[in-house]
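In: Fold the following, please.
(one chain, ligands or ions: 1)
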Amino acid sequence: MSPRALTPLSPAATPASQIRNFCIIAHIDHGKSTLADRMLQITGVVSDRDMRAQYLDRMDIERERGITIKSQAVRMPWQTDSATGATETFALNMIDTPGHVDFTYEVSRSLAACEGAILLVDAAQGIEAQTLANLYLALENDLTIIPVLNKIDLPAADPDKFAKELADLIGGRPEDVLRVSGKTGVGVEALLDRIVGEIPAPVGDADAPARAMIFDSVYDAYRGVVTYVRMVDGRLEPRERIQMMSTRAAHDLLEIGVSSPEPTPTQGLGVGEVGYLITGVKDVRQSKVGDTVTTLRRPASEALAGYTDPKPMVFSGIYPIDGSDYAELREALDKLKLSDASLQYEPETSVALGFGFRCGFLGLLHLEIITERLSREFGLDLITTAPSVIYEVTTDTGEKVVVTNPSEYPDGRVASVAEPMVKTAILLPKDYVGTVMELCQSRRGALLGMEYFSEERVELRYRMPLGEIVFDFFDQLKSKTQGYASLDYEPDGQQEADLVKVDVLLQGDKVDAFSAIVHREKAYAYGTMMAERLRKLIPRQNFEVPIQAAIGARIIARETIRALRKDVLAKCYGGDISRKRKLLEKQKEGKKRMKMVGRVEVPQEAFIAALSGDVEGKK
Ligand SMILES: Nc1nc2c(ncn2[C@@H]2O[C@H](COP(=O)(O)OP(=O)(O)OP(=O)(O)O)[C@@H](O)[C@H]2O)c(=O)[nH]1
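Out: Predicted coordinates for the structure are as follows:
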């Protein structure tokens, strides 16, 4: 703890002139959480004894994967010497923002709650695509930017080179780029001083009706929903009845306070302050990020700008591997939904996989996080179908059909199909430009531009179908550039394309879980791959089983599983009866795990392996 942090903040409201609201924008792994930890320690809000790494990342999965999913806010005291020699205590509100593309909406709300941003860049890595994306968001919100190079203690750090890169990017001087180490604490006090000196104090009308913007909403099993707000105008006090301006729903304010970093109740929140509200609601959908809170007694007439409902972009079917877990899966999804308003799901059934749910996600990472939480926090064994995007199909009668699941595709009646497009920005070392351009072209990308960022680093911009990105694009990009490329994308409307639905048939019966909507040129490759996989995975039956891939009625690929006559009793001919019975029972057990597709018995594992591409090592 620094001697300049000794005065604890009084729980009474802080005047706006002594408040600084800021966030840290950084690419994943550039050290945001470590720097935040150091600030908490230096300002004395967390004692050295209580300090644990990544103090603010509360979800286990966040800590393990080292990523921040939900944003949090924390208030820290900091003293500076004024020109007159007197010391002044400021309240610094640090608003933590998630760094990943899937959560751009949450990032932009957190930014809207701040007047300034620390642009944190790893001094050994330089600027990455995510840094850029978030910097542009911050500039759109008119935030004051403080450029900072982190990890200067690393032997591989090259602060001179990257200070120039950063200065060029935001139009400043290299010597104004601060150099810190979140790990050792070097430069962190100077950074706190610059926050006070450079970031403007919040402005608002203290006498106006209360308006607070919700920038985060977290579900807590004991306290219900905890809503994080930034006061813009007026004041909120305990026991007041508050109103959500988008839904007009009113709630009693049971508790109001600031996080420092543990929740600390206060007598209210005034202009520019950042804090939390507890109303006893149990569902984050009643307290939506981006919404404006006012009071019922004296409601504001106009909501703050910027509220939109985040829309799912990627859909996938989630099925329990053991069908009897269905009810548990439903319960688990209901629980997750309490803390994640953007998760959507509805029941669906599949011939191959039984009963499950069609789920909508903000992006691939969101999908991964949800499936991982389902298996980790609820102990469920799950299989997810290949991710799909939203297709808009126009039928030959002019009707528009929205398709998020290939099984809803209006076969035989399709006049045209539009698919969602995204603008991508890929930042990479120049040596990989050729390889990455090839990859983007093979994914139907159209080059929008290419820019040299420094001597070695290039930004490639492509317009691409989202459907091509959800299909292992990121993994391919990483492996083709040895992990050096970074990717960011944003939605960019829809575009018509020559898309077809490929079905996979077992002995003439469609296996829905394997149907996919793909570009016509890739249909053949998809069909042959799935047919081949299934031939390797499905055991031989008593009759010949054709596996076909088809577009409508036209077969585009075929494999055959040859017939086999298997007599389980053959080996114990003349043997004793109990042994025979045992064998028959064993066979019955095995059948339970089989799914029937028409007359064909398919082990559940074969479906799972075929979907996950895990074909090797099986017969
Ligand atoms: N040497 C050195 N390592 C650091 C420093 N700051 C962070 N690290 C390391 O860099 C890695 C990433 O740091 P985090 O603080 O988790 O990064 P982050 O930006 O919060 O990551 P996300 O939450 O995923 O966005 C960790 O292994 C840290 O120990 C630093 O100043 N010096």
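In: mind listing what Lys423 touches?
Out: For Lys423, the contacting residues are 448, 461-463, 489-490, 492, by CB atoms under 8 Å, 6 or more residues apart in numbering. Every C-beta, even on glycine, is put in place using the N, C-alpha and C of the backbone.
In: typo on my end, it should be Ser515
Out: When contacts are counted by CB under 8 Å, 6+ apart, Ser515 touches 406-407, 409, 501-504.
In: Tell me, please, where in the stretch 451-600 of the chain the pLDDT is lower than the cut-off.
Out: Scanning the stretch 451-600 of the chain for pLDDT under 70 picks out the ranges 565-595.
In: Closest residue of it to the ligand?
Out: Among all residues of the stretch 451-600 of the chain, Ser486 sits closest to the ligand, at 12.3 Å; criterion: CB to the nearest ligand atom.
In: so that residue makes contact with Leu427?
Out: Yes: here Ser486 lies in contact with Leu427, judged by CB atoms under 8 Å, at a distance of 5.1 Å.
In: what's the offset of stretch 425-441 from the middle of its chain?
Out: Between the centre of stretch 425-441 and the centre of its host chain there is 24 Å, according to CA atoms, centre = their mean, to the nearest Å.
In: and if you look at stretch 505-516?
Out: Distance, centroid of stretch 505-516 to centroid of chain: 31 Å (CA atoms, centre = their mean).
In: So what's the residue count around the closest residue to the ligand within the stretch 301-450 of the chain?
Out: In the stretch 301-450 of the chain, no residue comes nearer to the ligand than Leu365, which is 11.1 Å away by CB to the nearest ligand atom. Number of residues near Leu365 (other CB atoms under 10 Å) recorded here: 19.
In: tell me the secondary structure for it?
Out: Of the three states, Leu365 takes helix according to DSSP: H, G, I helix; E, B strand; the rest coil.
In: again with Arg558
Out: When the structure is split into helix, strand and coil by three-state DSSP, Arg558 lands in strand.
In: Contacts only, for it.
Out: If a contact means CB under 8 Å, 6+ apart, then Arg558 has 531, 546-549 as its contacts.
In: between the residues you listed, which has the most around it?
Out: Looking at those with neighbours defined as other CB under 10 Å, the largest count falls to Ala549 at 27 neighbours.
In: ok, it touching Leu534?
Out: No: contact between Ala549 and Leu534 fails when scored by CB under 8 Å: they sit 9.7 Å apart.
In: hey, what's in contact with both of the two?
Out: Common neighbours of Ala549 and Leu534 are listed as Val504 (criterion: CB under 8 Å, 6+ apart).
In: Around His519, count how many other residues there are.
Out: 17.
In: And for it, nearest residue in space, chain neighbours not counted?
Out: Closest residue in space to His519, ignoring its immediate chain neighbours: Leu499 at 5.9 Å, by CB to CB, 6 or more residues apart in numbering.
In: Which is the succeeding secondary structure element to the helix or strand bottoming out on mean pLDDT in the chain?
Out: The helix or strand with the lowest mean pLDDT-type score in the chain, counting by mean pLDDT, DSSP states H and E, is helix 60-65 (a mean of 49). Past helix 60-65, further along toward the C-terminus, the next helix or strand under DSSP states H and E is strand 73-81.
In: now for that following strand, which elements pack on it?
Out: Contact partners of strand 73-81 among helices and strands, from 3 or more CB pairs under 8 Å, 6 or more residues apart in numbering; DSSP states H and E: helix 32-42, strand 87-95, helix 188-198, strand 255-259, strand 274-278.
In: so Arg179 bridges to which residues?
Out: Under the criterion DSSP bridges, Arg179 forms beta bridges with Leu149.
In: shouldn't Lys183 be in contact with Ile152?
Out: No: judged on CB under 8 Å, Lys183 makes no contact with Ile152 at a distance of 9.6 Å.
In: neighbour-wise, which of those two wins?
Out: Ile152 (22 against 16).
In: What distance do you get for that one to Thr184?
Out: Per CB to CB, to the nearest Å, Ile152 is found 9 Å from Thr184.
In: how many neighbours does the spatially closest residue to Thr397 that is not a sequence neighbour have?
Out: Taking CB to CB, 6+ apart as the measure, Thr397 lies nearest to Arg413, with 7.3 Å between them; neighbours along the chain are not counted. The number of residues packed near Arg413 is 13, by other CB under 10 Å.
In: wouldn't Pro265 be in contact with Gly257 here?
Out: Yes: with contact defined as CB under 8 Å, Pro265 reaches Gly257; the gap is 4.1 Å.
In: For Val284, list the residues it contacts.
Out: Remark: with contacts taken as CB under 8 Å, 6+ apart, Val284 is in contact with 217-219, 225, 338-341.
In: ok, now with 7 Å
Out: Under the criterion of CB atoms under 7 Å, 6 or more residues apart in numbering, the neighbours of Val284 are 217, 219, 225, 338-339, 341.
In: so of the residues you listed, which ones are in helices?
Out: When the contacts of Val284 are checked against helices using DSSP state H, the ones located there are 338-339.
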